[in-house]
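**Student:** Sequence and predicted structure, then a few things I'm wondering about:
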Amino acid sequence: MHTISIPIPTEPFDFRATVTDHGWYLLAPWRWRPDDATLERVERLPSGRVVLLHIWQDGETLKLGCAESLDAAEWDYAQTSIRRSLRIDQDFAPFYQMAQNAADQALWQVVKHGRGRLMRTPTLFEDVIKMICTTNITWSQTEQMSARICENLGSPYPADPTRKAFPMPHQVAEASEETFTDKVRLGYRNASVQHLGREIVTGNYNLEELNQSPLRGEALRKELQKLKGVGPYAAASVAGLLGDYTYLPVDSAFREHVRNKYFDGDKTVPDAKMMSIYEGWAEWKQLAYWFDRDR
DNA sequence: GTCCAGGTCGCGC
DNA sequence: GCGCGACATGGA
């Protein structure tokens, strides 16, 4: 195995929590090995070459390993992909500071050893598609849909062709309607996912550009809601993946948590009242909610 | 069979 | 702006 080291952030950092605190690690092409706390991912490099990446923590550094021999540009691409996924370059100090200074110390007690850095994927494209696949569906179906997207649209890993990479936009765009209907089976989400792939391929929409966008808050959410299949819940969630936690993803899980924890299970409480629970967390509301469920 | 899941969209008002 | 039904899929 060839490896390189990735310095970990100076703030508290918890690799295992970073991987497992968000459900994305359960979705193909990620694979998590709990026994040795190693994350795997089949990745398609820009050249079209498909490799298997391994990520684990070794003391004060993260290790990125690859069974295949990579050249400098390939290592660079692999490292960039993993840095985005693990949010290595995002600054969580303000969040920790706010939690530490809060009158209620409960959240700080949950996150103080380095939690909060919820895992995403190498591309916004993959994150948005997966988010669309969490809407109006159960989590187990989200897992199955992610698996079918890779299996039927992604490029195979030569050393183990049963494992596939997440498809590139052109692979999504070029798949036939029959492939989606008969194999990928995302239900009515088929149209949204294929539309996203096509808009990117034609250049009508430069999605990854949003990774560097200064847009925040309402402006960012409005931009994300322009995407087909992305409404208030998905836009708030994707904004969180982009590092903007201003908006709460109000869905059935949010309502159930807030209702049970703060309103004695009362099903008549309006959304606005539920959302007000996290009002004090300003631009960190979504993280405050996420870890509020974890006490 | 029926309901509904980490919703979104298009319609009519 | 708000309420309402349709929507693919598959598990409970």
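**Tutor:** Yep, it's here.
**Student:** can you count the residues close to A:Val238?
**Tutor:** 25 (other C-beta atoms under 10 Å). Quick note: C-beta positions are derived from backbone N, CA and C, even for glycine.
**Student:** which element is it on?
**Tutor:** Using DSSP states H and E, A:Val238 sits in helix A:232-241.
**Student:** And for A:Lys222?
**Tutor:** Residue-wise, A:Lys222 maps onto helix A:217-224 under DSSP H and E.
**Student:** Do that helix and DNA strand C come into contact?
**Tutor:** No. Counting by C-beta under 7 Å from any atom of the strand, no contacts exist between helix A:217-224 and DNA strand C, the nearest distance being 11.0 Å.
**Student:** Show me the residue sitting in the middle of chain A in space.
**Tutor:** Centroid-nearest residue in chain A: A:Arg120, 2.8 Å away (criterion: C-alpha atoms, centre = their mean).
**Student:** Counting neighbours, what do you get for the residue in the stretch 151-295 of chain A positioned nearest to DNA strand C?
**Tutor:** Ranked by C-beta to the nearest atom of the strand, the top residue of the stretch 151-295 of chain A for proximity to DNA strand C is A:Gly187, at 2.9 Å. Residues near A:Gly187, counting by other C-beta under 10 Å, number 14.
**Student:** picking that back up, for the helix holding A:Lys222, enumerate the helices and strands it packs against.
**Tutor:** Using 3 or more C-beta pairs under 8 Å, 6 or more residues apart in numbering; DSSP states H and E, the elements in contact with helix A:217-224 are helix A:232-241.
**Student:** Tell me which residues of the following helix or strand past the helix it packs on come out buried.
**Tutor:** Using DSSP H and E, the helix or strand that follows helix A:232-241 in sequence is helix A:252-262. Neighbour-count burial for helix A:252-262 flags A:Phe254, A:His257, A:Val258, A:Arg259 (criterion: 16 or more other C-beta atoms under 10 Å).
**Student:** Need those residues in JSON lines (columns: distance to A:Leu52 and pLDDT).
**Tutor:** JSON lines is the format used below for these (distance: C-beta to C-beta, whole Å; pLDDT from 0 to 100):
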{"residue": "A:Phe254", "distance to A:Leu52": "36", "pLDDT": "96"}
{"residue": "A:His257", "distance to A:Leu52": "36", "pLDDT": "95"}
{"residue": "A:Val258", "distance to A:Leu52": "41", "pLDDT": "95"}
{"residue": "A:Arg259", "distance to A:Leu52": "43", "pLDDT": "94"}
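**Student:** just to revisit the earlier point, and the helix holding A:Lys222, how far out from the chain middle?
**Tutor:** Offset of helix A:217-224 from its chain centre (C-alpha atoms, centre = their mean, to the nearest Å): 18 Å.
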